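A.B. asks: fold the following, please.
(one chain, ligands or ions: 2)
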Amino acid sequence: MSIPLPPGQIERPQFPRFGLGKFARRFPAEPDRIRLQVGGDVERKLNVEALLQALPRIEQQSDFHCVTTWSILGARWSGWRFADFYRQIVVAEARPLAQAEFVVLRGEDGYCSCLPLEDLLRDDVMLADRLDGHSLGHGLGLEHGAPLRLIAPAHYGYKNVKHLVAIEFWRDRRAYRFPLPYPTFMDHPRARVAFEERGRLFPRQILRYLYRLIIPLNVYVFAKALAAHRRKQAR
Ligand SMILES: Nc1nc2c(c(=O)[nH]1)N[C@H]1C(S)=C(S)[C@@H](COP(=O)(O)O)O[C@H]1N2
Ligand SMILES: [Mo]
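C.D. replies: Residues are numbered from 1 along each chain as shown. Ligands and ions are numbered 1, 2, ... in the order given. Model (predicted):
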C-alpha cells in the first residue's frame, strides 16, 4: 500500500542532516544530557529535565517533511507527548499567564522557531530523545537533534527544532524573530504540510522549485560539517 505524499513532496530514502547553513557547524556541548528551560510569560521559569523524565514515555512512527520538498516516511521516534509536557509540567509548575499561547522553541545552536500552542497540543506532537531503526544507537544522534528535539509531523521540518534548550510561552510575538540573516518570508506562522504553507509572500509553486534546487548543496554542507566535527572530537 502506498500513501500519497503531501503536495509537492518527494520521498528520500536516507534521512539527511539538514537545516539552515548558518547552523551546520554548531553542535550541542553535551549531546547525551537534556537541559530544557521553560520560560516566557510564566509565573515561574524552570529547568524541567527531571520532570520530563517522570512523564510517561511514548513511541510514534511518523513522516517528516522538509519545506525544500524532501520527505522521510515512517521515522520511529520516542520520547514524551508535548501535551503531557504542557499540562503536567508547564501548566502545573511554570504556570503560564492567560493567553500565553505563542510558543517559541530554541535550539542550542541558536536556531529558533515558533508555533501556536494549539498546534503543539495535537496528539502527534512530541519531544523526542530517540530515533530508532536508523542505526544511530540509542539517542537521536547529532544529525537529528540530540539530546532533544520537537517532532510536529503536520508541520514542515523547520518547525521541528533540534537540540532543544528552551521552550517559551508568550502572550505576543515580540520576543521572536526567525534567525538572522534569514528573511522572514521563509517562516510561515503555522507551516502546515497539508496546506502547503511553505512560507509567506511567494507562491508555493515558486518556493517548491527554488527550495528543491538547494537540497544537494545543503545535504553536502551539513554532512561535511558533521564529519569535521567528529574528526575534531576524535583527536
Ligand atoms: N536547532 C536546529 N533545528 C532545526 C534546524 C536547524 O538548523 N537547527 N533545521 C530545521 C530544518 S530546515 C529541518 S528540515 C529539520 C532537519 O532535521 P534533520 O537534520 O533531522 O533532518 O530540522 C529543523 N530544525
Ligand atoms: Mo527544512
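A.B. asks: going by residue numbers, what spans are strands in this structure?
C.D. replies: Secondary structure of the chain by DSSP state E: the strands cover 10-11, 37-40, 46-47, 58-65, 70-81, 102-107, 112-116, 126-132, 149-151, 164-170.
A.B. asks: please convert the ones you listed to JSON lines, extending it with mean neighbour count and mean pLDDT.
C.D. replies: Any C-beta I mention is one placed from the backbone N, CA and C, and that applies to glycine too. As requested, these are exported to JSON lines (neighbours: other CB atoms under 10 Å; pLDDT from 0 to 100):
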{"stretch": "strand 10-11", "mean neighbour count": "12", "mean pLDDT": "97"}
{"stretch": "strand 37-40", "mean neighbour count": "19", "mean pLDDT": "98"}
{"stretch": "strand 46-47", "mean neighbour count": "16", "mean pLDDT": "97"}
{"stretch": "strand 58-65", "mean neighbour count": "17", "mean pLDDT": "96"}
{"stretch": "strand 70-81", "mean neighbour count": "18", "mean pLDDT": "96"}
{"stretch": "strand 102-107", "mean neighbour count": "22", "mean pLDDT": "98"}
{"stretch": "strand 112-116", "mean neighbour count": "20", "mean pLDDT": "98"}
{"stretch": "strand 126-132", "mean neighbour count": "23", "mean pLDDT": "93"}
{"stretch": "strand 149-151", "mean neighbour count": "23", "mean pLDDT": "98"}
{"stretch": "strand 164-170", "mean neighbour count": "22", "mean pLDDT": "98"}
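A.B. asks: now these in a markdown table, with distance to ligand 1?
C.D. replies: Shown next, in a markdown table, are the strands of the chain (distance: least, CB to the nearest ligand atom, whole Å):
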| stretch | distance to ligand 1 |
| --- | --- |
| strand 10-11 | 14 |
| strand 37-40 | 15 |
| strand 46-47 | 19 |
| strand 58-65 | 7 |
| strand 70-81 | 8 |
| strand 102-107 | 3 |
| strand 112-116 | 7 |
| strand 126-132 | 8 |
| strand 149-151 | 7 |
| strand 164-170 | 8 |
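A.B. asks: of the ones you listed, which is nearest residue 187?
C.D. replies: Ranking these by proximity to residue 187 (CB to CB) places strand 112-116 first, at 7.2 Å.
A.B. asks: re the thing from before, of the strands of the chain, which is nearest residue 31?
C.D. replies: strand 126-132 (10.6 Å).
A.B. asks: if we look at the least confident helix or strand in the chain by mean pLDDT, which residues are touching it?
C.D. replies: Ranking every helix and strand in the chain by mean pLDDT, DSSP states H and E puts strand 126-132 at the bottom, with a mean of 93. Contacting residues not belonging to strand 126-132 are listed as 34, 36, 52, 58, 60, 75-82, 85, 138-141, 144-151, 164 [CB atoms under 8 Å, 6 or more residues apart in numbering].
A.B. asks: what's the angle from that strand to strand 70-81?
C.D. replies: Taking axes from the mean of the first three to the mean of the last three CA atoms, to 10 degrees, one finds strand 126-132 and strand 70-81 inclined to each other by 110 degrees.
A.B. asks: partner strands of strand 126-132, parallel or antiparallel?
C.D. replies: Strand 126-132 has its sheet partners listed here by DSSP bridges as strand 70-81 (antiparallel), strand 149-151 (antiparallel).
A.B. asks: residue contacts, residue 10?
C.D. replies: Residues near residue 10 by CB under 8 Å, 6+ apart: 69, 70, 71.
A.B. asks: contacts only, for the first one.
C.D. replies: Residue 69 makes contact with 8, 9, 10, 208, 211, 212, 215, according to CB under 8 Å, 6+ apart.
A.B. asks: which among the contacts of residue 10 gets closest to ligand 2?
C.D. replies: Nearest to ligand 2 among these, counting by CB to the ion, is residue 70 at 8.2 Å.
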